[in-house]
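1. next comes the sequence, and after it the predicted model I'd like to discuss.
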Amino acid sequence: MNPLEQERLKKLLKQALPPVDESPEPACDLWPAVLRRLDQGHTRVPWFDWALLAGVGVFVAFTPAWIPVILYYL
Amino acid sequence: MVESAESGRRLNDGCAAQVLAATDSRSEADTALHRFRQGDLSAFEMLFRRHQRTVYGWVLRIVRNPAAAEEVTVEAFWRIYRAHARLDPARGFEGWARRIATHAAIDHLRTQRPEAELPAEVPAPQRGDPAISAEIRRKTALAFSRLPPTLRTAAVLAVVEERPHKEIAETLGITVAAAKLRVFRALRILRKALAEQGITP
């Protein structure tokens, strides 16, 4: 990718993503939500993460040659 | 002469008061950090109130969705509180909190389906290029949302938010060279994905 292409791609990307205000603020005070989260107490690991981990584990167990490729994309 | 000496004294008093106030505020912040490190909830609230906006703004720049950014900010502060014993007060709170928030944001991006993240229509930027149609913007946003979250995060911070690579590297816990490589890889994959759809930047 040459520098000109890279610049064009950067410009396109800037136009494509939703803009963010200069100094954005949350819509409401988040402290009560943080307190509720503290009360819950445990780590939330989404099911997707567990499924992904299991899938990758099985895949790697059967095809160890792919380990460098997976590490490259991590 | 007397008047000038008097005004000089008043100026010195004013400066001294400012220095004292700054010192007080600094020592108050230091105390809060040390108390937080011990797990003090009121010190945590004080730090939360002081840094909530910064962390929220940083997260929003990564996830690009206000509702998701609020959720991730809450998650980030929860992780911050859990990690209180690992804070090094000498290195300050903000950079450390930003690093934790960045990882919380990346975890959030991992759980999202690319199509679900995008608004129905990507709003046109204020100084938009008329040559770039809404359709091209939408396709670009979708292709970008399909990149691995670590690459997306580095690219959005470097390219869209124009943050220095050093700052990005610090928040991602990687070297500056690795941060630059992530941005380059993100752009290379994006270019390929766009080319497959017949879009050449």
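-> Received, thanks. Numbers count the residues shown, from 1 in each chain, chains lettered A, B, ... in the order given.
2. so A:P24: helix, strand or coil?
-> Following DSSP: H, G, I helix; E, B strand; the rest coil, we place A:P24 in the coil state.
3. what's the per-residue pLDDT of it here?
-> We have a pLDDT of 89 for A:P24.
4. contact partners for it?
-> B:R53, B:Y56, B:G57, B:L60, B:P66, B:A69 (CB atoms under 8 Å, 6 or more residues apart in numbering or on different chains). For glycine as for every other residue, the C-beta is placed from the backbone atoms N, C-alpha and C.
5. the least confident helix or strand in chain A by mean pLDDT - contacts with which helices or strands?
-> Here the helix or strand of chain A ranked lowest by mean pLDDT, DSSP states H and E is helix A:67-73, holding a mean of 83. Contacts defined by 3 or more CB pairs under 8 Å, 6 or more residues apart in numbering or on different chains; DSSP states H and E place helix A:67-73 against helix A:47-62.
6. for the helix it packs on, the distance to its chain's centre please.
-> Taking CA atoms, centre = their mean, to the nearest Å, one finds helix A:47-62 lying 17 Å from the centre of the chain it belongs to.
7. what's the answer for stretch A:33-52, then?
-> 16 Å.
8. and it, what's buried?
-> Using 16 or more other CB atoms under 10 Å in any protein chain shown as the burial criterion, the residues of stretch A:33-52 that qualify are A:A33, A:V34, A:R37.
9. pLDDT and distance to B:A154 added to those residues, as a markdown table?
-> What follows is the buried residues of stretch A:33-52, written out as a markdown table (pLDDT from 0 to 100; distance: CB to CB, whole Å):
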| residue | pLDDT | distance to B:A154 |
| --- | --- | --- |
| A:A33 | 95 | 28 |
| A:V34 | 95 | 27 |
| A:R37 | 91 | 27 |
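10. tell me the helix or strand right after the lowest-mean-pLDDT helix or strand in chain B.
-> Ranked by mean pLDDT, DSSP H and E, the weakest helix or strand in chain B is helix B:114-117, scoring a mean of 62. Scanning forward in sequence from helix B:114-117 by DSSP states H and E, the next helix or strand is helix B:134-145.
11. is that following helix anywhere near chain A?
-> Yes: using CB under 8 Å from any CB of the partner chain, helix B:134-145 comes into contact with chain A via B:I136, B:R137, B:R138, B:T140, B:A141, B:F144.
12. what residues does chain A put near chain B?
-> For chain A, the contact set with chain B under CB under 8 Å from any CB comprises A:1, A:5-6, A:8-20, A:23-28, A:30-31, A:33-34, A:37-38, A:44, A:46, A:48-49, A:52, A:73-74.
13. just the pLDDT for the closest residue to B:A178 other than its chain neighbours.
-> Of all residues beyond its chain neighbours, the one nearest B:A178 is B:A169 (6.8 Å), with distances taken as CB to CB, 6 or more residues apart in numbering or on different chains. Note for B:A169: predicted pLDDT of 96.
14. what residues are up against B:A169?
-> So B:A169 contacts B:T175, B:V176, B:A178, B:A179 (CB under 8 Å, 6+ apart).
15. from these, which would you call buried?
-> B:A179.
16. just the contacts of B:A169: which are in helices?
-> B:V176, B:A178, B:A179 (DSSP state H).
17. from those residues, which is closest to chain A?
-> Minimum distance to chain A across the ones in helices among the contacts of B:A169 is 11.7 Å, recorded for B:A178 (CB to the nearest CB).
18. how far away is the closest one from B:G198?
-> 32 Å (CB to CB, to the nearest Å).
19. for chain B, which segments are assigned as helices?
-> Counting by DSSP H, the helices of chain B are B:2-37, B:41-63, B:66-82, B:94-111, B:114-117, B:134-145, B:149-155, B:165-172, B:176-196.
20. distance to A:P64 added to the ones you listed, as TSV?
-> Formatted as TSV, these follow (distance: least, CB to CB, whole Å):
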stretch	distance to A:P64
helix B:2-37	43
helix B:41-63	33
helix B:66-82	33
helix B:94-111	24
helix B:114-117	29
helix B:134-145	31
helix B:149-155	23
helix B:165-172	28
helix B:176-196	24
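21. thanks again, I'm all set now.
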